[in-house]
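> Mind looking at a prediction? Sequence and model below.
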Amino acid sequence: MLTRERARALVDSASFQRVVVTVILVNAVTLGLETSDRLSGTWLHVADRLALAVFVVELALRLYAAGWRFFRDPWSVFDALVVGVALVPATGSLSVLRTLRVLRLLRLVSVVPSLRRVVAGLLAAVPGMASVAGLLTLVIFVAGVLATGLFGPIAPGYFGDLDTTLFTLFQVMTGEGWPDVARSVMAVQPAAWIFFVVYILVSSFAVLNLFIAVVVSGMADQVTDDLVETGQRNADAQASSDATILAEVRALREEVASLRRVTRGR
């Protein structure tokens, strides 16, 4: 009978994880082939069902090994939701769920430690990214009010009202076709280039780069935390090993002392 300890050792083993990763990658290939009318067939459907069966068995083993602690792990809950969507009958009004099978590929994030660290770093950077997003929104809104008042009568197609201006400024921020927008205004107001240059410098080169800085900082903190946790585990393992060795040395000394006493008694 498979005990919880043996199940836990099985699901935590490197070979088991490699099998799961292989099944996910093979499932990715089959899902991609199903999009082709020439290659789609029964064998692809069978391969997809087999992959789903492997995922269900894996989740069942993990649930059995971890017990209720399974639901305390966000990654385990994420895996259960992704696989659970594929188990919903994709018929009738729920046929759209069939396309959501591709979400199973996201399980690579929870299986591969390096990808898991990247996602954890992004999630850790969310609070800082929210602050930067607020600053960017403020910059675009202020620039939108100014541009509507300055360039609305000149280029109503780009700056006719606040909604249109905000969309135009978002387009300018991404660098898509902004010279055409600028030239249409500069044909009437040659000094309008000052507004566009300052806006691009502030929004694209300053504020948007803050997003990168926040994400990099979050990932660096995540890597540092992982290194500290790994070091702590290694230290605990070393301490346990040292304690075992000391206990064995003490027992050996006691045996030697006992033998000496026996020898002297003779």
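Perfect, thanks for sending it. Residues are numbered from 1 along each chain as shown.
> Every contact and neighbour count from this point should use C-alpha atoms.
Noted.
> pLDDT wise, what is the closest residue to residue 143 other than its chain neighbours at?
In this structure, residue 143 finds its nearest non-sequential neighbour in residue 199, 7.4 Å apart by C-alpha to C-alpha, 6 or more residues apart in numbering. Note for residue 199: predicted pLDDT of 92.
> ok, residue 199 touching residue 142?
No: between residue 199 and residue 142 there is no contact under C-alpha atoms under 8 Å: 10.3 Å.
> Tell me the buried residues in stretch 151-171?
151-152, 154-155, 158-162, 164-166, 168-170 (16 or more other C-alpha atoms under 10 Å).
> Average pLDDT for that stretch, rounded please.
On average, stretch 151-171 scores 90.
> Which one's more surrounded, residue 199 and residue 142?
Using other C-alpha atoms under 10 Å as the criterion, residue 199 and residue 142 rank with residue 199 on top: 19 against 11.
> got the contact list for stretch 63-74?
Contact with stretch 63-74 is made by 4-5, 7-8, 62, 76-77, as judged by C-alpha atoms under 8 Å, 6 or more residues apart in numbering.
> okay, how far is it across that stretch, tip to tip?
One end of stretch 63-74 to the other measures 13 Å (C-alpha to C-alpha, to the nearest Å).
> pLDDT averaged over it - what is it?
On average, stretch 63-74 scores 84.
> so how far is it off the chain centroid?
20 Å (C-alpha atoms, centre = their mean, to the nearest Å).
> try stretch 171-181
31 Å.
> Okay, buried residues for it please.
By 16+ other C-alpha under 10 Å, the buried positions in stretch 171-181 come out as 172-173, 178, 181.
> where does this structure have low pLDDT?
For the chain, applying pLDDT under 70 flags the ranges 1-2, 37, 39-41, 89-101, 222-223, 225-243, 249, 256-257, 259-266.
> burial count for residue 43?
11.
> next structured bit after the helix or strand where it lies?
Following DSSP states H and E, one finds residue 43 within helix 42-66. Next along the chain after helix 42-66, taking DSSP H and E as the criterion, comes helix 74-87.
> I am finished for the moment; much appreciated.
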